[in-house]
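Chemist: quick one: sequence and predicted model below, then my questions.
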Amino acid sequence: MAAITRLVKRTHSLSSVARGFSSHAPPLKERNVQWVFLGCPGVGKGTYASRLCNLLGVPHIATGDLVRHELASNGPLSSQLSEIVNQGKLVSDEIIISLLSKRLADGEAKGESGFILDGFPRTIKQAEILEGVTEIDLVVNLKLQEEALLAKCLGRRICNQCGGNFNVASISVKGKNGHPGMVMAPLLPPAHCMSNLITRADDTEAVVKERLRIYDEKSQPVEEFYRSRGKLLEFDLPGGIPESWPKLLQALNLDDYEEKQSAAA
Ligand SMILES: Nc1ncnc2c1ncn2[C@@H]1O[C@H](COP(=O)(O)OP(=O)(O)O)[C@@H](O)[C@H]1O
């Protein structure tokens, strides 16, 4: 705790996060969900978190997107950030908290309520800071067999016009050690995006391997942090989106919710 207090004193980060989050969060029934998505690079946190956000009407806040946005802005942090991100390392807690607190404060000014955080917290220190300022209702830990993770990262493509996320990898993992095999079809872009596809600079084999190593070292302990608080929902992805999405909704008790939403639409 002292270390966090020091971090906070040095960066004033706690007060700025607290400004971003409502410090006196209303009881759960009166506010939207405050969830966290954990999982290795390539697991699909962004895909499932953003689908759930559309369903639940809460913002999808991905710290990786905040970092990429800052990088693209060519602001004072850009060159420092590009070096860190392109080596697959983690950005400092200080920088990430300042980006996140600004995003939360901007959202609050626009009347946003609730969130799904994707890619945060990634260290125990970040988890402790978050715990100090707001209540997290649920932490979803997405899991996928390791063999599929690298292929999924290498297959990722983004349309530089519409911002859509796609995946050109066709993945087939053989069953072993009691795990069933799985097939994941590519998520191909529509024809008009084809010529606009780009690959993230940090989705090269060497950098993805380093990100996976850093996940094991720094982020896996965050799973235990939430497990010990009874907040962790483990979810083994059974395949691609068509197989996984309905099962994830079931696991979250939202299968009815989706039907009601589409009936109301
Ligand atoms: N919470 C965080 N703490 C530190 N660095 C972060 C955090 N979130 C994102 N980053 C930085 O942004 C990069 C991209 O993040 P992200 O898009 O979440 O990638 P991934 O596919 O590895 O989950 C990370 O490799 C890291 O450098």
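Modeler: Nice, I can see it. Numbering: from 1, shown residues only.

Chemist: which helices and strands does the helix or strand hosting Glu210 pack with?
Modeler: According to DSSP states H and E, Glu210 maps onto helix 205-214. Applying 3 or more Cβ pairs under 8 Å, 6 or more residues apart in numbering; DSSP states H and E, we find helix 205-214 packed against helix 146-155. In this view, the C-beta of every residue, glycine as well, is placed from N, C-alpha and C.

Chemist: which parts of the helix it packs on are buried?
Modeler: Using 16 or more other Cβ atoms under 10 Å as the test for burial, helix 146-155 gives 148-155.

Chemist: for stretch 193-208, same thing?
Modeler: Neighbour-count burial for stretch 193-208 flags 193, 197, 200, 202-203, 207-208 (criterion: 16+ other Cβ under 10 Å).

Chemist: quick one: which of those residues is nearest the ligand?
Modeler: Comparing these against the ligand with Cβ to the nearest ligand atom places Asp202 closest, at 5.9 Å.

Chemist: what sits against that closest one?
Modeler: Shown in contact with Asp202 (Cβ atoms under 8 Å, 6 or more residues apart in numbering): 85-86, 88, 208, 211.

Chemist: the strands in the stretch 51-200 of the chain, which residues?
Modeler: Secondary structure of the stretch 51-200 of the chain (DSSP state E, counting those that start in this stretch): strands located at 60-62, 115-118, 138-143, 156-159, 165-167, 171-173, 182-184, 197-198.

Chemist: residues touching Ala206, list them.
Modeler: Gly88.

Chemist: you'd agree Asp203 is in a helix?
Modeler: No - the assignment for Asp203, made by DSSP: H, G, I helix; E, B strand; the rest coil, is coil rather than a helix.

Chemist: what about the residue of the stretch 151-265 of the chain found nearest the ligand, neighbour count?
Modeler: The nearest approach of the stretch 151-265 of the chain to the ligand comes at Arg211, 4.7 Å away (Cβ to the nearest ligand atom). Neighbour count of Arg211, defined by other Cβ atoms under 10 Å: 23.

Chemist: count the neighbours of the residue in the chain that the ligand sits nearest to for me.
Modeler: Nearest residue of the chain to the ligand: Gly64, at 2.0 Å (Cβ to the nearest ligand atom). Per other Cβ under 10 Å, the neighbour tally for Gly64 reads 19.

Chemist: for it, report the pLDDT, please.
Modeler: Looking at Gly64, its pLDDT is 96.

Chemist: pretty sure it is touching Gly119, no?
Modeler: Yes - contact status for Gly64 versus Gly119: in contact at 4.7 Å, counting by Cβ atoms under 8 Å.

Chemist: re the thing from before, most widely separated two among the buried residues of stretch 193-208?
Modeler: Farthest apart among these by Cβ to Cβ are Cys193 and Val207. That separation is 24.1 Å.

Chemist: residues near the residue lying closest to Arg200 once chain neighbours are set aside, how many?
Modeler: Computed as Cβ to Cβ, 6 or more residues apart in numbering, the closest residue to Arg200 that is not its neighbour in sequence is Arg156, at 6.4 Å. Around Arg156 there are 21 other residues, counting by other Cβ under 10 Å.
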